[in-house]
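Asker: no FASTA, just this:
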């Protein structure tokens, strides 16, 4: 009983102390998938932000005020994510960082919009910037930008006439697949196999055999991490010989770790990657991340990092904490990496919150991803 | 407990439910509204599980049927008050059709069939994009506008939901007190005896399940308006299990069990915030420990405390024993 | 043709995995007349115990496997029976079913919080070299999985029918009260069933995780499909679980290849509903002896 009392008192004291600090600090709500299916992505996002916040506070915070982050776990549930964005805003959050799953972002961005709170999201579904929401900003290009950047590779480098697409049937996979099919049509390339698979599917025998029979010259693989790894393993087993090309996920460190030798030769277009350590900022971030968390950052970690730093840069350009003014400033804004080093690469946002920046083609060679080319911003 | 005392207590609780959200932030009101909605869903499942003794693992998919019907109709211009009954009716029909074959045979077959059904509903909602919007779901579902009383803001919507909940609870009270309801109870206590007393156990169980599903549909109609966005992932098997745990935690077969259970499941993450990611672990352990020591749920805990501190005059215990005929 | 053969063989390989898990359902059903909703998690956990052995105690692979097996029998067998089943079973089957749902959450979330939320590579016990059979490619691992699950069914059936302990276990499953009167140590027999279930779950875990990769959420889908396989094949028969598992593995691949990939997950469910409509005791099952 006594210990319970002590616990209650200390909890109350902590809240008081927290409130006292909050008057000084800039409140930010990190609303992200820390449990459930989105946990791997969400955890990286959060850890990228933790590093950014430490740096920002070491450099005097935003407009001289320290940043105070509160982390909210959406459990990868859109309804909960909506409630939590509301909660963060009730708690006077100046900005929201998250969510990553498009299904969640589509719901909770309505709340941020109603309250004029800028929101940096890790989602890549095309629809997010098509809803006329002036407060939502991407931290990576949407699928409708990322996937088209791949087209020249299929058309000119691989000289493919017929392609197949293997995709995971959730809002992430379907978004990418729809854009890919439309782009292939435009480029005059025939899609001969269109193979959806379930989230958390384990048996890819049928998927791979269909692609094998289709006579495609190359296959576009658009799935989450574990699914990509299982697909690659089955593809190697059935000796699927055509090039496997993905967007972002296919050559991630985690996929290579899981798929082992089966990942060899896989190609992907990546918006931003810790592999591109010829870029100074990325190398520095990677080093810091590995030192702190003992693992290599994924692109989600870098996205979170960029979202946090952009909030600082743009708020200081505006000169005050004002969501409306922030949103106005962001639209059509370009931040060159020479002047804003922590943005890592020259980055622009259009008037819908979509972002563009240079990107990379990566291939897995000898067990690690290697940059095999750069793609200019589109 | 004396009837008048109980009535006063219930009125006090309703008064508390009216006063509690005043002056609270939007988040608290949102949480309270979703507590009411899940209480309705759990109330329905309580009829199936607690009174009729059958496990249903499809309450979330009945919520989906209610939510999608209401959403599609209101999006095409219907009023919520016209759309909701259709969704609820659809749940009754589907529940009846689903329960009929499952309850033909003894055993946990309703659990099996509803388990399959829940996932089937998810697949249909995801794949039939022309109707349901597929994985992207349906956005911008309007909230009911009741003339002078618009529920667009969160506080009016809370009161709207509270009214619906009270009406639903009164209806449930009527069902449980009716001869039907007594038959449900007889069935749960001792199926063989119930049957020998002329209760058509199969029909009664089927009705309990179908009515319980209607409550799922009603909850779905409300959640569609609350979130103003629905997608298939919110109605998966995990959510059905979550509602099942609400009923078990609150106290299956007790009228107020679902309210307590839904409250615990929805508020626990708030209370255990200090535990961060561990709260689900703590929750699961608490549930198991509770099932070991007080299988009748939180309401059962209250019963135990009451028995311990408020010793009631008991008519001779041996007579009571005899009267129970167990 | 080679595609059909490929699909058939791959389906059998996957199906044999479902079968191994489904046998566990059947065993627990016989011992406690309950459905273990944590069965999928029971198969997910042993792989992580092996990883703990490998990465934290620096054991060699065989040592880690033994460690995983031992811990599984201890946790998923003995502790599960003593701490969960025994105290809750008197409160009724439904209460126990709900408790296993909570147990599933507990195992899943614990692995996620205490080990990792991300998928982990897992060492293969068996060689995974591809073998070409008339144009269809399967790995040695696939074939061995199939052979092993067949072998386990045969051994388990022999054990249950031919040995004294096995027969006592069957008697206990059919009617604990009568078995007790006949002098069977019912408690011990029930314990044996749970230990065997745990050992089987561990074995299934070691065989499938190289293919599935170790992830905390693996149990959800696997548990569901194995559960359906058990009902389809016949809940009170070990052989039934094997038939159900293989059937679902093959049909799933056939449907995905030739009919519809978007609704492939619906097939086991439709099969389940059909079976309950037509033959509720399952393909190989026998009607339950008890009235209620």
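Answerer: Perfect, thanks for sending it. Just so it is clear, the structure is predicted and the values come from calculations on it, not from any experiment. Numbers count the residues shown, from 1 in each chain, chains lettered A, B, ... in the order given.
Asker: give me the low-pLDDT residue ranges for the stretch 151-292 of chain C?
Answerer: The model of the stretch 151-292 of chain C has pLDDT under 70 over residues C:287-292.
Asker: so which bits of it are right by chain B?
Answerer: Neighbours of chain B within the stretch 151-292 of chain C, by CB under 8 Å from any CB of the partner chain: C:220, C:224, C:227-228, C:231, C:262-263, C:265-266, C:268-270, C:272-273, C:276-277, C:280, C:288, C:291-292. (Glycine included, C-beta is placed from N, CA and C.)
Asker: then the stretch 51-200 of chain A?
Answerer: A:73, A:77-79, A:82-84, A:86-87, A:89-90, A:103, A:106-107, A:110, A:125, A:127, A:131, A:169-171, A:174.
Asker: ok so, going back, buried members of the residues of the stretch 151-292 of chain C next to chain B into ChimeraX, please.
Answerer: For the buried members of those, the matching ChimeraX selection, counting by 16 or more other CB atoms under 10 Å in any protein chain shown, is:
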select /C:220,224,227,228,231,262,263,265,266,268,269,272,273,276,280,288
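Asker: which of the residues of the stretch 151-292 of chain C next to chain B are close to chain A?
Answerer: When contact is defined as CB under 8 Å from any CB, those meet chain A at C:220, C:262, C:265.
Asker: what about the first one, helix or strand, and which?
Answerer: Spelled out, it's residue C:220. Residue C:220 is part of helix C:218-233 when elements are defined by DSSP states H and E.
Asker: quick check: the residue lying closest to residue C:176 once chain neighbours are set aside vs residue C:168, distance?
Answerer: Closest residue in space to residue C:176, ignoring its immediate chain neighbours: residue C:186 at 5.2 Å, by CB to CB, 6 or more residues apart in numbering or on different chains. To residue C:168, residue C:186 is 9 Å away according to CB to CB, to the nearest Å.
Asker: who touches both of those two?
Answerer: Taking CB atoms under 8 Å, 6 or more residues apart in numbering or on different chains as the criterion, residue C:186 and residue C:168 both touch residue C:179.
Asker: name the nearest residue to the residue of the stretch 251-378 of chain A at minimum distance from chain C, sequence neighbours excluded.
Answerer: Closest residue of the stretch 251-378 of chain A to chain C, CB to the nearest CB: residue A:258 (5.2 Å). Nearest residue to residue A:258 in three dimensions, chain neighbours excluded: residue A:229, at 3.6 Å (CB to CB, 6+ apart).
Asker: correct me if wrong, but that neighbour is in a helix.
Answerer: Yes - the assignment for residue A:229 by DSSP: H, G, I helix; E, B strand; the rest coil puts it in a helix.
Asker: quick one: contacts for residue B:253?
Answerer: For residue B:253, the contact set (CB under 8 Å, 6+ apart) comprises B:46, B:49, B:50, B:51, B:185, B:188, B:296.
Asker: ok, so of these, who is nearest residue C:36?
Answerer: Comparing these against residue C:36 with CB to CB places residue B:49 closest, at 18.6 Å.
Asker: what's the neighbour count on the closest one?
Answerer: When counting by other CB atoms under 10 Å in any protein chain shown, one arrives at 28 neighbours for residue B:49.
Asker: just the pLDDT for it.
Answerer: Looking at residue B:49, its pLDDT stands at 89.
Asker: what sits against it?
Answerer: Going by CB under 8 Å, 6+ apart, the list of residues near residue B:49 reads B:55, B:56, B:244, B:247, B:248, B:252, B:253, C:94.
Asker: mind listing the helices for the stretch 51-200 of chain C?
Answerer: Per DSSP state H, counting those that start in this stretch, the stretch 51-200 of chain C carries helices over the ranges C:61-72, C:86-88, C:93-114, C:140-162, C:164-174, C:176-181, C:186-212.
Asker: which of the residues of the stretch 51-200 of chain A next to chain B fall in strands?
Answerer: Among those, DSSP state E puts residue A:73 in strands.
Asker: and the residues of the stretch 51-200 of chain A next to chain B near chain C, which?
Answerer: Filtering these for proximity to chain C by CB under 8 Å from any CB leaves residue A:169.
Asker: which of the residues of the stretch 51-200 of chain A next to chain B fall within helices?
Answerer: Among those, DSSP state H puts A:78-79, A:82-84, A:86-87, A:89-90, A:103, A:106-107, A:110, A:171, A:174 in helices.
Asker: highest neighbour count among those?
Answerer: residue A:84 (30 neighbours).
Asker: chain neighbours aside, what residue packs nearest to that one?
Answerer: Nearest residue to residue A:84, sequence neighbours excluded (CB to CB, 6+ apart): residue A:72, at 4.1 Å.
Asker: tell me the residues of the stretch 151-300 of chain B that contact chain A?
Answerer: When proximity is defined by CB under 8 Å from any CB, the stretch 151-300 of chain B lies next to chain A at B:223, B:227, B:228, B:229, B:231, B:233, B:234, B:274, B:276, B:277, B:280.
Asker: so which of those residues belong to strands?
Answerer: Those of those lying in strands (DSSP E): residue B:229.
Asker: of the residues of the stretch 151-300 of chain B next to chain A, grab the buried ones for ChimeraX.
Answerer: Typed into ChimeraX, the line below selects the buried ones among these, using 16+ other CB under 10 Å:
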select /B:223,227,228,229,231,233,234,277,280
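Asker: save the residues of the stretch 151-300 of chain B next to chain A as CSV, and put in distance to residue A:56 too.
Answerer: Formatted as CSV, those follow (distance: CB to CB, whole Å):
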residue, distance to residue A:56
B:223, 38
B:227, 33
B:228, 34
B:229, 33
B:231, 35
B:233, 34
B:234, 35
B:274, 26
B:276, 23
B:277, 25
B:280, 32
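Asker: tell me which of the residues of the stretch 151-300 of chain B next to chain A is nearest to chain A?
Answerer: Among those, residue B:229 lies closest to chain A (CB to the nearest CB), at 4.5 Å.
Asker: for the closest one, give me its contacts.
Answerer: By CB under 8 Å, 6+ apart, residue B:229 lies in contact with A:78, A:82, A:106, A:107, A:110, B:137, B:138, B:139, B:140, B:141.
Asker: just want the residue of the stretch 151-292 of chain C that's nearest chain B.
Answerer: The stretch 151-292 of chain C approaches chain B most closely through residue C:269 (3.8 Å), counting by CB to the nearest CB.
Asker: how about that residue: what's its closest non-neighbour residue?
Answerer: Leaving aside its chain neighbours, residue C:269 sits nearest to residue B:116 (3.8 Å; criterion: CB to CB, 6+ apart).
Asker: and the host helix or strand of that neighbour, how far from the chain's centre?
Answerer: Assigned by DSSP H and E, residue B:116 falls within helix B:109-127. Computed by CA atoms, centre = their mean, to the nearest Å, the chain-centroid distance of helix B:109-127 equals 18 Å.
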